[in-house]
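Asker: I would like the atomic coordinates for the input below:
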Amino acid sequence: MRSDDTIFAMASGHGRAAVCLIRISGGESRTILERLAERVPDPRRAVVRILTDPATGEPLDQALVLWMPGPQSFTGEDQAELHIHGGLATRAAVLRVLGSVENCRPAEAGEFTRRAFLNGRMDLSQVEGLADIIDAETEAQRRQAMRQLGGKLGHAAEGWREEVLQVLALLEASLDFSDEGDVPEDLEAEILATIDRIADEIGRAAADRSGERLREGLTVVLVGPPNAGKSTLLNALARRDVAIVSPIAGTTRDAIEVHCDLGGLPVVVVDTAGLRESGDLIEQEGVSRARARAQDADLVLWLVPPEGEEGAPPEARRLLKVGTKADMDPVRSGCDVMIAAATGEGLPELIQRLETEAESLMGQGDAIVTRERHRKALERAHTALERARSILATHGPLELAAEEVRLAARAVGEITGRVDVEDVLDRLFSSFCIGK
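Answerer: The predicted model follows:
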């Protein structure tokens, strides 16, 4: 991937459409506009131009053209946009002409955003926020992604990093006193107090998993004995037939997942095999997987049929007891909710309960940590600061404490991309669309 090339790509969807947006970025952007549109419009002003093939003079299309000189552009480079008609032949002709320009090539996945990052237009957490906006499926996910793109996490991480670097500077200054005696008590107290405060803030941010749950979706697993109504409930929540419903026990062998939007919150509902003892090896594997999914789930719905519970509920972080087939037996002791999924009875109450549980687990949407990468980096920073504090509290070597603080600064810097990001860049930007 050469960064000195001029790149181009469609930034709109494939297929026939009213308008197709083509983005161009790099040093040849102005020359390309002059060759295709005769002259370059004023910066950031949309004008209508006839695009022509420079080689033949043949008109290609009537298009809306924009010119955005760097560094005040998305990528930080000279950038142009061609809003052409979305016919397949028109699009192919314009792309063919762009590909014939020397030092101009089709962009790779995420290359526009990568250039924005490398040119300092975005930090790494904002890049991830942009990716999350593209992938957002619910209103809550969209709002969280917008906060990320706006720099909420990046600003917090940079603030922590600056404070950690200040602690490191104080420690380096303390080393200057080591030849003359002990570290001055007021300086040592200032260092310890600052470490305590930063470690506490970072620890609380890392411990909050609500942002990750909101981004990935709350996992709700349906568990119960065979014929408890799990598949019927899954179909009712999904509002379509996604699982086979049969009176034959053991019909569901593997987990079936459905993504739902409950009150604007993303929820993944998982149907599992009925829990029972079986001599069928395949069914045994299904039961084993059901218990594993329940153990990892954010919420388990333990379905109790009219004939009563069959064994104890599986291990779960959070469990809701749901009585099924209420039309056959409306009285069931110990159940949190009673439903009849086949008729819809009790479903509004169950959905309301699920929305309440989701809001409780996902918080108010104010979490700043939204990915495992963020959390792991903050956990490493917190651990390093705790080690530094322990060394200082026991009057250990200042050099070791300074190294731990340096590791903490490096870990926090990974969030915004200030250090050690090459190993994550390719994985991150390759997930983007061509043209973004």
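
Asker: wait, isn't Ile202 in contact with Arg380?
Answerer: No. Using C-beta atoms under 8 Å, Ile202 is not in contact with Arg380; the gap is 9.8 Å. The C-beta positions use only the backbone N, C-alpha and C, and glycine is treated the same way.

Asker: if you count what's nearby, which of these two comes out ahead?
Answerer: Taking neighbours as other C-beta atoms under 10 Å, Ile202 and Arg380 compare with Ile202 leading, 26 against 18.

Asker: element containing that one?
Answerer: When elements are assigned from DSSP states H and E, Ile202 belongs to helix 185-207.

Asker: Looking at the record's assignment, how would you partition the protein?
Answerer: The chain resolves into domains spanning 6-118, 128-208+369-417, 218-362 when parsed by automatic domain parsing.

Asker: Which of those domains has the lowest mean pLDDT?
Answerer: Ranked by mean pLDDT, these bottom out at domain 218-362, with a mean of 80.

Asker: where's it relative to the chain centroid, distance-wise?
Answerer: 27 Å (C-alpha atoms, centre = their mean, to the nearest Å).

Asker: Run through the neighbouring helices and strands of the helix or strand just after the helix holding Ile202.
Answerer: Downstream of helix 185-207, the first helix or strand assigned by DSSP H and E is helix 210-216. Packing partners of helix 210-216 (3 or more C-beta pairs under 8 Å, 6 or more residues apart in numbering; DSSP states H and E): helix 139-149, strand 265-271, helix 347-362.

Asker: at 7 Å instead, please
Answerer: helix 139-149, helix 347-362 (3 or more C-beta pairs under 7 Å, 6 or more residues apart in numbering; DSSP states H and E).

Asker: Pick the most deeply packed of those helices.
Answerer: Per residue and on average, the most neighbours among the helices and strands packed on helix 210-216 fall to helix 139-149, with a mean of 19 (mean count of other C-beta atoms under 10 Å).

Asker: residues of whichever helix or strand comes after that one that come out buried?
Answerer: Beyond helix 139-149 in the direction of the C-terminus, DSSP H and E gives the next helix or strand as helix 152-177. Using 16 or more other C-beta atoms under 10 Å as the test for burial, helix 152-177 gives 152-154, 156-158, 160-161, 163-168, 170-171, 174.

Asker: again, but for stretch 259-273
Answerer: Those would be 260, 262, 265-273, for stretch 259-273 by 16+ other C-beta under 10 Å.

Asker: which one among those residues gets closest to Ile22?
Answerer: Taking C-beta to C-beta as the measure, Ile22 lies nearest Pro266 of those, at 32.6 Å.

Asker: Give me the spatial nearest neighbour of that closest one, chain neighbours excluded.
Answerer: Distances taken as C-beta to C-beta, 6 or more residues apart in numbering put Gly217 closest to Pro266, at 3.8 Å, once the chain neighbours are dropped.

Asker: How about Ile391?
Answerer: Ala401 (4.3 Å).

Asker: Please apply the same query to Asp53.
Answerer: The shortest distance from Asp53 to any non-neighbouring residue, by C-beta to C-beta, 6+ apart, is to Val97 (5.4 Å).

Asker: List the residues that contact that neighbour.
Answerer: Applying C-beta atoms under 7 Å, 6 or more residues apart in numbering, we find Val97 in contact with 36, 53, 60.

Asker: for Lys325, same thing?
Answerer: By C-beta under 7 Å, 6+ apart, the contact list for Lys325 reads 229, 305-306, 340.

Asker: change it to 8 Å
Answerer: By C-beta atoms under 8 Å, 6 or more residues apart in numbering, the contact list for Lys325 reads 229, 305-306, 340, 342.
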